[in-house]
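*Asks:* Provided below are the primary sequence and the corresponding predicted coordinates.
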Amino acid sequence: MSRLDSFIRRLEAQRACLEHVSEVLTDVEGCVFELGLGNGRTYDHLRALFPAREIFAFEIRLAAHPDCIPDDSHLFLGDFLDVLPTLASRFAAQVALVHADCGSGRPQRDAAVSEGLSRLLAPFLAPGAIVLSDSALSIPSTTMLAPPASVPRGRYFISRKA
């Protein structure tokens, strides 16, 4: 499979999973965390899917399209593995959805990010919250869910807090 085909399949899986969890989260209150703003495409899609929710984006360096940059009170700059611990008390049990599309294609870095997120995210999650990620995370008190039927296993991962 070419890198372009792989990219397209990843984005199709991401969209299918985001739309799936938007239906699952109707009974869960809380905000949304977008870990890795990138160019802002997914952030923009999250705004369309969750118009009534606050969405907070995290990014090391701002490079998003101007129309897809959150205001200063909804944007956290810096490595989210460093930033998240500073926000634990502010967002304790208040996050309904975490979307983490952080894969870099560098196995050691990606493993460190997955380990860090697995360790850091639990205190943020509201009861019933969903974590949607491009890598498998082992977050305490969460259960892995099957992705939508159109998403091949191992392409995107969904976990839910008990």
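*Replies:* Received it, and whenever you're ready, just let me know what you need. It should be emphasised that the depicted structure is a prediction, and the values quoted were computed from it without experimental measurement.

*Asks:* Show me what the lowest-mean-pLDDT helix or strand in the chain is in contact with.
*Replies:* Ranking every helix and strand in the chain by mean pLDDT, DSSP states H and E puts helix 107-120 at the bottom, with a mean of 90. Contact partners of helix 107-120, identified using C-beta atoms under 8 Å, 6 or more residues apart in numbering, comprise 35, 81, 84-85, 100, 102-104, 133, 135-139. To be clear about C-beta, it is placed using only N, CA and C from the backbone, and glycine gets the same treatment.

*Asks:* Quick one: those as CSV, columns for secondary structure too.
*Replies:* As requested, the contacts of helix 107-120 are exported to CSV (DSSP: H, G, I helix; E, B strand; the rest coil):
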residue, secondary structure
Leu35, strand
Leu81, helix
Leu84, helix
Pro85, helix
Ala100, strand
Cys102, coil
Gly103, coil
Ser104, coil
Ser133, strand
Ser135, coil
Ala136, coil
Leu137, coil
Ser138, coil
Ile139, coil
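
*Asks:* What ranges does the protein have for its helices?
*Replies:* 3-24, 41-49, 80-83, 107-120 (DSSP state H).

*Asks:* re earlier: out of the contacts of helix 107-120, who's nearest His74?
*Replies:* Using C-beta to C-beta, Leu35 is the member of the contacts of helix 107-120 that sits closest to His74, with 13.4 Å.
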